[in-house]
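S.K.: for reference, the sequence and a predicted model appear below.
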Amino acid sequence: MSEAKTYLGWKIDYTSPAGEPAFAGPESISWQVFKNPVALAVGGICAVLLEFADARIRSGVWDHSVFKTDPIGRSKRTGTAAMVGVYGPQTAARRVIQGVTNMHSRVSGETPSGEAYRALQPELLDWVSATASYGFLVAYDRFVRPLSDADKLKFFAEGETVAGLYGVQTKIRSLADFDAMMRTLLPRFEPHPINTEFLDIMKSGRAAPGVPKRLQSSLVNAAVEILPQDVRARLGLGPDYDLTPAGRIAVKSMARIAESVPDTAGPPAQACERLGLPRSFLWKSEADRARLLASVRQRTQLQEAST
């Protein structure tokens, strides 16, 4: 049975075509990071704050999308595009990325101060890509499980192909690269009511129906906590956004549960099935994952040899 989803008119089926690779593989750090919904929630909010710090991106999103009328829906669609780039078959990922780029090609305007911007400006594309990588990686490392320096470098390397398809020219390859890009843009960053309005919406309970409002508030504060301190200061996000000890325990506990309990209905599990792996593959131990991957590769080699 097809499990295709629709994204802005494009059908995406993570389960087929059977065997078609994604731009990252099942052994990747990316597949581990993106399977955890807590890392995605915290990292995604952090990335939006980093993007909105720049008036050009903030104006582009606010004036040319449904963000101000449907921030939850727009955020979910952005999350879907990210998942397709990580787990989707390459043909589907290319189609979605091209479609997103086509939409962005029509986005241009001026900030309230009169500065012109285009969504496809290299500096803006580079920063949006960098904020997503930073947010998801640091959220996972801080609240799910610590990653080694080698794993962090691998995570950045795994995202380079997709970043290039989006038109990114300066691809960050480390947290040091992110910091250098941020330092260049930092003088532009400023507080703005849109930032706090966005955070209030995320805390309101509308972002994730069924999740206690207090826990949603903790997720938002966790996102603010992983902002570089200089950025947080420039955005004016003070002590009201501090993550409490109880909130930290709640976020980490939810992250650990999500890391150990398989979600066999979501895109990560469906992508595993597409590649001949159990849907629970990503939640197994490292040793079990290595054994299963070896088995699939051996089976593929035997099939190729027999044809």
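M.R.: Sure thing, it's come through.
S.K.: show me where the stretch 51-200 of the chain has strands.
M.R.: Applying DSSP state E, counting those that start in this stretch to the stretch 51-200 of the chain gives strands spanning 108-110, 116-118.
S.K.: so can I have TSV of those strands showing mean neighbour count?
M.R.: (Each C-beta comes from the backbone N, C-alpha and C, glycine too.) Conversion of the strands of the stretch 51-200 of the chain to TSV gives the following (neighbours: other Cβ atoms under 10 Å):
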stretch	mean neighbour count
strand 108-110	14
strand 116-118	16
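S.K.: columns mean pLDDT and distance to Ala22 on top of the ones you listed, output as a markdown table?
M.R.: Shown next, in a markdown table, are the strands of the stretch 51-200 of the chain (pLDDT from 0 to 100; distance: least, Cβ to Cβ, whole Å):
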| stretch | mean pLDDT | distance to Ala22 |
| --- | --- | --- |
| strand 108-110 | 94 | 32 |
| strand 116-118 | 95 | 30 |
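S.K.: kindly reformat those as CSV containing distance to Trp62.
M.R.: Formatted as CSV, these follow (distance: least, Cβ to Cβ, whole Å):
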stretch, distance to Trp62
strand 108-110, 10
strand 116-118, 12
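S.K.: and of the ones you listed, who's closest to Val138?
M.R.: Checking those against Val138 by Cβ to Cβ gives strand 116-118 as the closest, at 26.6 Å.
S.K.: and that closest one, how far out from the chain middle?
M.R.: Here strand 116-118 is found 24 Å from its chain centre; the criterion is Cα atoms, centre = their mean, to the nearest Å.
S.K.: quick one on the thing from earlier: any idea which of the strands of the stretch 51-200 of the chain gets closest to Glu20?
M.R.: Among the strands of the stretch 51-200 of the chain, the nearest to Glu20 by Cβ to Cβ is strand 116-118 (33.5 Å).
S.K.: what sits against Pro267?
M.R.: Pro267 sits next to Tyr14, Met83, Val84, Tyr87, Gly88 when contact means Cβ atoms under 8 Å, 6 or more residues apart in numbering.
S.K.: at 6 Å instead, please
M.R.: By Cβ atoms under 6 Å, 6 or more residues apart in numbering, Pro267 lies in contact with Tyr14, Met83, Tyr87.
S.K.: nearest spatial neighbour of the first one, skipping sequence neighbours?
M.R.: Leaving out its chain neighbours, the residue that sits closest to Tyr14 by Cβ to Cβ, 6 or more residues apart in numbering is Gln270, at 3.6 Å.
S.K.: rewinding a little: most neighbours, which of the contacts of Pro267?
M.R.: Highest neighbour count within the contacts of Pro267, by other Cβ atoms under 10 Å: Tyr87, with 28 neighbours.
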